[in-house]
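>>> give the three-dimensional model of this entry:
(one chain, ligands or ions: 1)
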Amino acid sequence: MAIIAALAVALTVAGPPSPASAKVPTAAKRWSSLMYHSLTPTKEYVALRKKLASQRITMAKRAERVPVREAEHEAAQTAVTKAVTADAGPRTRYALAREELASARNRLTVATQLRPKNAAAVTAARNAVTAAAETASARRKEAATAAAALKTAQATARTATVELDKSITALETSKKAVQTNQRRLKALDKSAELRADAAATSRDVVTAVRGKFAVADTTTVNGIRVHRSVAFAFRRMLSDAKADGVVLSGGGFRTKKRQIELRKINGCPDIWTAPASSCRVPTAIPGRSLHELGLAIDITSGGRTLTRDSAGFAWLDEHAHKYGFVNLPSEAWHWSITGG
Ligand SMILES: [Zn+2]
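Reported below is the predicted structural model:
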């Protein structure tokens with residue numbers, strides 16, 4: 001049922017509805033609907049694609065942050081190493097100063113207990129204790145300063161480690177989110193299946209259209225007359241090519257009368273039986289050409305018929321299948337829904 005609902009959209013886009021469009025056979029309507037869906041992503045797909053794009057931006061920013069955090073981490077580690085070295089000297093000198101103070105105190109005790117008393121020796125020993133105490137106090141301050149600097153460097157290093165870990169975790173989280181949504185997006189993309197379904201019916205479409213064909217079932221796309229059922233896909237193909245810098249034009253539908261004329265113009269040995277390849281320019285037998293149904297288009301670019309080495313052909317060779325168009329290998333310019 002969704003297919004029928006969407007068909008209304010596809011045919012509206014293809015051109016104004018007319019009573020004659022009711023003649024478009026079911027097979028052609030189905031082809032048109034499948035291609036419409038193939039070329040029109042669902043809301044869910046569009047939303048997820050948008051989300052994924054923003055997640056990729058976040059991931060890129062996070063990826064840039066990790067090396068910055070690594071550099072900060074390394075600098076902090078270097079600062080700790082330096083602070084450890086800078087701390088060793090003052091620590092040793094402070095220990096020596098304390099030993100010296102303890103020795104001076106011992107010498108003062110000995111001098112005090114000396115009998116007979118030697119006042120000069122006691123005074124000298126006491127002065128030595130005062131001097132050693134002053135030195136020890138100064139060394140203690142130096143050691144405390146170095147120890148504080150080491151502590152600060154260690155705290156900075158711990159923070160840098162935490163920040164580095166955080167940045168790595170954030171990047172991993174982003175990578176997983178992107179991978180998950182890439183998979184989800186791929187699963188939501190049914191365009192290839194839909195166009196494969198359409199391609200599988202293209203021969204039936206030709207047969208069905210040939211049985212009921214009316215000129216009123218054709219419409220123009222950028223001045224090219226084609227069957228309504230292929231108009232949406234064909235219009236998209238032309239606009240997407242243009243967006244890639246490849247401007248395509250050409251001729252689609254032609255009457256049987258014109259086909260007969262072309263058989264003469266193109267020097268076919270006869271009108272009704274000689275194979276297309278026997279003409280100067282390959283020209284199908286009247287009644288067999290898909291041009292007579294608007295289901296084939298001879299493509300030109302820049303006013304020139306496409307050749308295999310043209311930019312237009314290269315673009316179509318890569319992209320036309322997405323719009324349901326196939327090339328007839330013997331004619332680089334001829335594209336149709338069956339390749340015939
Ligand atoms: Zn052709």
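
>>> and this protein, which of its residues are near the ion?
Within the chain, the positions lying close to the ion (C-beta under 5 Å from the ion) are 298, 334. Where you see a C-beta, it was placed from the backbone N, CA and C, and this is true even at glycine.

>>> quick check, central residue of the chain?
In the chain, the centroid-proximal residue (C-alpha atoms, centre = their mean) is A53; its distance is 6.7 Å.

>>> which strand or helix spans it?
helix 43-113 (DSSP states H and E).

>>> before we move on, what about T338?
With DSSP H and E as the test, T338 turns up in no helix or strand.

>>> what about the closest residue to V68 other than its chain neighbours, which helix or strand?
Excluding the flanking residues, the one nearest V68 by C-beta to C-beta, 6 or more residues apart in numbering is S167, at 7.9 Å. Taking DSSP H and E as the definition, one finds S167 inside helix 119-188.

>>> and that helix, what does it pack onto?
With contacts taken as 3 or more C-beta pairs under 8 Å, 6 or more residues apart in numbering; DSSP states H and E, helix 119-188 sits against helix 43-113.

>>> work out the gap between the helix it packs on and the centre of the chain.
Computed by C-alpha atoms, centre = their mean, to the nearest Å, the chain-centroid distance of helix 43-113 equals 39 Å.

>>> repeat for stretch 27-36
30 Å.

>>> one step back: distance from the helix holding S167 to the middle of the chain?
Worked out by C-alpha atoms, centre = their mean, helix 119-188 lies 42 Å from the chain centre.

>>> about what we covered before: relative to helix 119-188, how tilted is the helix holding A53?
With axes from the mean of the first three to the mean of the last three C-alpha atoms, to 10 degrees defining the directions, helix 43-113 sits at 170 degrees from helix 119-188.

>>> please tell me I have it right and the residue nearest to V68 contacts R69.
Yes. In terms of C-beta atoms under 8 Å, S167 counts as a neighbour of R69; the distance is 4.3 Å.

>>> which neighbours do these two share?
Common contacts of S167 and R69 (C-beta atoms under 8 Å, 6 or more residues apart in numbering): none found.

>>> any figure for the gap between the residue lying closest to L114 once chain neighbours are set aside and A200?
Distances taken as C-beta to C-beta, 6+ apart place A121 nearest to L114, at 6.5 Å, with adjacent residues excluded. Distance of A121 to A200, given as C-beta to C-beta, to the nearest Å: 118 Å.

>>> of the two, which one has the most company?
A121 (15 against 11; other C-beta atoms under 10 Å).

>>> against the ion, how distant is that one?
Going from A121 to the ion by C-beta to the ion, to the nearest Å gives 126 Å.

>>> quickly find the element holding whatever residue of the stretch 101-250 of the chain ends up closest to the ion.
Residue nearest to the ion within the stretch 101-250 of the chain (C-beta to the ion): G250, separated by 8.8 Å. Assigned by DSSP H and E, G250 belongs to strand 249-251.

>>> that strand - contacts with which helices or strands?
Secondary elements touching strand 249-251 (3+ C-beta pairs under 8 Å, 6+ apart): strand 224-227, strand 296-301.

>>> could you dump the ones you listed into CSV with mean pLDDT and mean neighbour count added?
Below are the helices and strands packed on strand 249-251 laid out as CSV (pLDDT from 0 to 100; neighbours: other C-beta atoms under 10 Å):
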stretch, mean pLDDT, mean neighbour count
strand 224-227, 97, 24
strand 296-301, 97, 24
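
>>> let me have the ones you listed in CSV, extended by distance to A97.
Below are the helices and strands packed on strand 249-251 laid out as CSV (distance: least, C-beta to C-beta, whole Å):
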stretch, distance to A97
strand 224-227, 99
strand 296-301, 93
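
>>> who wins for proximity to E44 among those strands?
Nearest to E44, of all the helices and strands packed on strand 249-251, is strand 224-227, at 31.0 Å by C-beta to C-beta.

>>> given that closest one, what are its sheet partners and their directions?
Under the criterion DSSP bridges, strand 224-227 sits next to strand 218-221 (antiparallel) in its sheet.

>>> hmm, who's touching the partner strand?
14-15, 225-228, 231, 234-235, 238, 252-253, 294.

>>> one more: stretch 111-127?
With C-beta under 8 Å, 6+ apart as the test, stretch 111-127 has contacts from 104, 107-108, 110.

>>> which parts of stretch 171-181 are buried?
Neighbour-count burial for stretch 171-181 flags 171, 174, 177, 181 (criterion: 16 or more other C-beta atoms under 10 Å).
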